[in-house]
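>>> 3D, please:
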Amino acid sequence: MKSTEGPLSHVRVLDLSRILAAPWAGQVLADMGAHVVKVERPGSGDDTRSWGPPFLRDAQGRDTSEAAYYLAVNRGKRSITVSLDQPEGQQIVRELAMNSDIVLENFKAGTLERYGLDQVSLRALNPRLIYCSVTGFGQTGPRRSQAAYDFLIQAMGGLMSVTGERNGRPGAGPQKVGVPIVDLMTGMYTAVAVLAALARRDRTGRGDFIDIGMLDVQVAMLSNQAMNYLVSGNVPTRGGNAHPNIQPQDVFDCADGDVILVVGNDAQFVKLCGVLGHPEWALDDRFRSNARRVVHVDVLGPLLRDCFMRWRRSDLIAALDLAGVPCGAINNVSQVLDDPQVQARGMLRQAPHPLGVQVPQLASPMRFAEAAMEPVAAPPLLGQHSDEVLAELGYPPSRIGALRQAGVIG
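Numbers count the residues shown, from 1 in each chain. Reported below is the predicted structural model:
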C-alpha cells in the first residue's frame, strides 16, 4: 500500500543558504517530504527575493515583492528571519541545528566560523549532523575565499568553450547555457551527497561534513568532452548543435521551420534513410557506421539539409516518429508547458500563496511507487514562520516578542 508520506518525511533540514545552488538542494529535499527551515536575513532575506521583474502579482494584479526567481527555488520550506551577527541569533541557529539532520550553507569559506556556526562547532553539539558547505571553489585551494556565480563558473569551467556556434558561422562565439546549469547541477550533487551521508549515518550513527565546490561540479560535468580530450589530446571546440561523437545529430531546416534530428545508432540511420527515400546512403561506406558518419559529417550534412528542405516540418516529424527515429520541434517555454505529455505527467502545478493568489510551480520530476511526493507548497513569505519555528523550540511568546524588538528576528 502506498504511503501518504514523502520518503524524507522523517528528515529535518536547516537551510542557511541563499541564491540558487544550495537552496535548490533544499527544495529537492522538501519535495520528498523533508521538513526544511530556511533561515534568512531580517528585512531583506534571500537575495533572489528582489531578482525581478517579473514578480508575483496579487489579487488586484499589482506586483508584489516576491520575485519569480525566488519562487522557483524555495517551495515547501518554512522561513524564519534571524540576525546571525547577534549572539541571540547565533543561539537560535545552534538550537535549530541540534534538532536537525542536515545543515545546508553557502557562505564564503570561513564566514560562519566567526559566528561559531561552522561545521566543527555545530557537529560538536550534534554529532549526528550532516553539514554541507556549498561554495564556488570549495574549502581548499587558492580560490577558496572567493565568491562565484553560475555565469563565471560556466566560463572558468570550460562549459562555454564547447557551447555556441562554431567559428566561421553566423552567430559564432562562446555562449552560456540558457538556465543556470552549474547552480542546478551543484544543487543536485548536494542533494545526492547529503542523502548518501544520511544512509551512511544509519550504519555508523555519525554525521559528516560535505564540501561541494561549484567549479568541481562544472569540471565533473565536462563528462564526454573532457574524456574526448584526455583520450585524444585534441581540445574540444564549439560545434554549435552538432554532437561531437554521434551523427547525424543537429538542427535541420524544413520548408516551414526547423527540427532536431537525433540519430543514436546505425539502425536508426537505416530507418532515416528509408523515410527520406535514400536507402543507398545507409550502404555508402562513408556513412555505414557512426564512426564513419562522424568522420564524413561534412559530406552527410549537406545531403540531409537538401533533403529536409523538401519536407513540411509536421510531415517529417510524423514520418520519423512512425519509423522510430527521434525527431522534434524546438519548443519555446510556453509550448513546453502546453505539451500534452508534460501536462499528462502533472509537471505544472498551482499552489495557494499566503498573499491570496495561486502561484504556479514546476513539479518535481521524481515519482515513487510506494511513497508520496509532497503536495506543492508555495515558497514562504519572508519570516512567515518565525514565530511557529521558535515556538517549536520552546520559546514563549514574550521572548519571541523581545527578540523581535531587539532586531534578532524580523
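>>> contacts and neighbour counts: CA atoms only from here.
Will do.
>>> helix, strand or coil: sort out residue 212 for me.
strand (DSSP: H, G, I helix; E, B strand; the rest coil).
>>> what does the one 3 residues further on give?
Reducing the assignment to helix, strand or coil with three-state DSSP, the entry for residue 215 is helix.
>>> for it, give me its contacts.
136-137, 153, 156-157 (CA atoms under 8 Å, 6 or more residues apart in numbering).
>>> how close does residue 82 get to residue 25?
Between residue 82 and residue 25 the computed distance is 21 Å (CA to CA, to the nearest Å).
>>> quick one on the thing from earlier: can you list the contacts of residue 215 in TSV and add pLDDT?
Listed next are the contacts of residue 215 as TSV, based on pLDDT from 0 to 100:
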residue	pLDDT
136	97
137	97
153	98
156	97
157	98
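>>> what strands line up against whichever helix or strand residue 133 is part of, and which way round?
In the assignment (DSSP states H and E), residue 133 maps to strand 130-135. Strand 130-135 pairs in its sheet with strand 102-105 (parallel), strand 208-213 (parallel), by DSSP bridges.
>>> surely residue 88 is in a helix?
Yes. The assignment for residue 88 by three-state DSSP puts it in a helix.
>>> got a list of what it touches?
403, 408.
>>> heads up, I number from 30, so please use that
Yep, numbering from 30; the last one is residue 117 now.
>>> relative to residue 414, how far out is it?
18 Å.
>>> same question for residue 90.
26 Å.
>>> more neighbours: which of the two?
Legend: neighbour count by other CA atoms under 10 Å for residue 90 and residue 414, higher for residue 414 (18 against 9).
>>> how about residues contacting stretch 70-89?
47-48, 69, 92-99, 110-113, 384-386, 388, 411-412, 436-439.
>>> one step back: looking at the strands paired with strand 159-164, which is buried most?
Mean neighbour counts were compared across the strands paired with strand 159-164 using mean count of other CA atoms under 10 Å; the top stretch is strand 131-134, at a mean of 25.
>>> residues in contact with the helix or strand hosting residue 348?
Per DSSP H and E, residue 348 falls inside helix 342-352. With contacts defined as CA under 8 Å, 6+ apart, helix 342-352 is touched by 283-288, 300-301, 304, 355-357.
>>> count the residues that sit near the closest residue to residue 243 other than its chain neighbours.
Distances taken as CA to CA, 6 or more residues apart in numbering put residue 165 closest to residue 243, at 4.7 Å, once the chain neighbours are dropped. For residue 165, the count of nearby residues is 28 (other CA under 10 Å).
>>> cool, residue 338 as well?
A count of nearby residues for residue 338, using other CA under 10 Å, gives 16.
>>> assign a three-state SS to residue 51, would you?
Going by three-state DSSP: residue 51 is helix.
>>> what residues does it make contact with?
With CA under 8 Å, 6+ apart, residue 51 has these contacts: 133-135, 163, 212, 215-216, 219.
>>> do me a favour and get the end-to-end distance for stretch 188-208?
End-to-end distance of stretch 188-208: 13 Å, with CA to CA as the criterion.
>>> ok now that stretch, how far from the chain's centre?
From the chain centre to the centre of stretch 188-208 is a distance of 21 Å (CA atoms, centre = their mean, to the nearest Å).
>>> list of residues touching that stretch?
180, 183-184, 247, 251, 265-270.
>>> export those residues to CSV and append columns for secondary structure.
Below are the contacts of stretch 188-208 laid out as CSV (three-state DSSP):
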residue, secondary structure
180, helix
183, helix
184, helix
247, helix
251, coil
265, coil
266, coil
267, coil
268, coil
269, coil
270, coil
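>>> return the closest of these with respect to residue 321.
Lowest distance from residue 321 to the contacts of stretch 188-208 (CA to CA) belongs to residue 268, with 17.9 Å.
>>> residue contacts, that closest one?
191-195.
>>> show me where the stretch 80-229 of the chain has its strands.
84-86, 92-96, 106-110, 131-134, 159-164 (DSSP state E, counting those that start in this stretch).
>>> want to throw those into JSON lines with distance to residue 350 and mean pLDDT?
Shown next, in JSON lines, are those (distance: least, CA to CA, whole Å; pLDDT from 0 to 100):
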{"stretch": "strand 84-86", "distance to residue 350": "39", "mean pLDDT": "97"}
{"stretch": "strand 92-96", "distance to residue 350": "40", "mean pLDDT": "95"}
{"stretch": "strand 106-110", "distance to residue 350": "42", "mean pLDDT": "98"}
{"stretch": "strand 131-134", "distance to residue 350": "44", "mean pLDDT": "98"}
{"stretch": "strand 159-164", "distance to residue 350": "43", "mean pLDDT": "98"}
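>>> got CSV for those, with distance to residue 351 too?
Shown next, in CSV, are those (distance: least, CA to CA, whole Å):
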stretch, distance to residue 351
strand 84-86, 42
strand 92-96, 43
strand 106-110, 45
strand 131-134, 48
strand 159-164, 46
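>>> nearest to residue 428, of those?
Residue 428 sits nearest to strand 106-110 of all these, at 15.1 Å, using CA to CA.
>>> please identify the buried residues of stretch 192-201?
By neighbour count on 16 or more other CA atoms under 10 Å, the buried set for stretch 192-201 is 192-195.
>>> tell me how far the residue sitting nearest the centre point of the chain lies from residue 59.
Residue closest to the average C-alpha location in the chain (CA atoms, centre = their mean): residue 213, at 2.5 Å. In this view, residue 213 and residue 59 are 15 Å apart by CA to CA.
>>> same question, residue 227
Separation of residue 227 from residue 59 (CA to CA): 15 Å.
>>> higher neighbour count, those two?
Higher neighbour count among residue 227 and residue 59: residue 59, with 27 against 22, using other CA under 10 Å.
>>> which of the contacts of helix 342-352 has the most neighbours?
The residue in these with the most neighbours, by other CA under 10 Å, is residue 301 (25 neighbours).
>>> and the contacts of helix 342-352, which two are furthest apart?
285 and 300 (22.9 Å).
>>> count the neighbours of residue 114 for me.
Number of residues near residue 114 (other CA under 10 Å) recorded here: 12.
>>> ok, for it, nearest residue in space, not its chain neighbours?
Using CA to CA, 6+ apart, the closest residue to residue 114 is residue 144 (7.0 Å).
>>> and that neighbour, what is it in contact with?
Contacts here follow CA under 8 Å, 6+ apart; on that basis residue 144 touches 113-114, 119.
>>> same check, this time on residue 416
Residue 416 sits next to 109, 426, 429 when contact means CA under 8 Å, 6+ apart.
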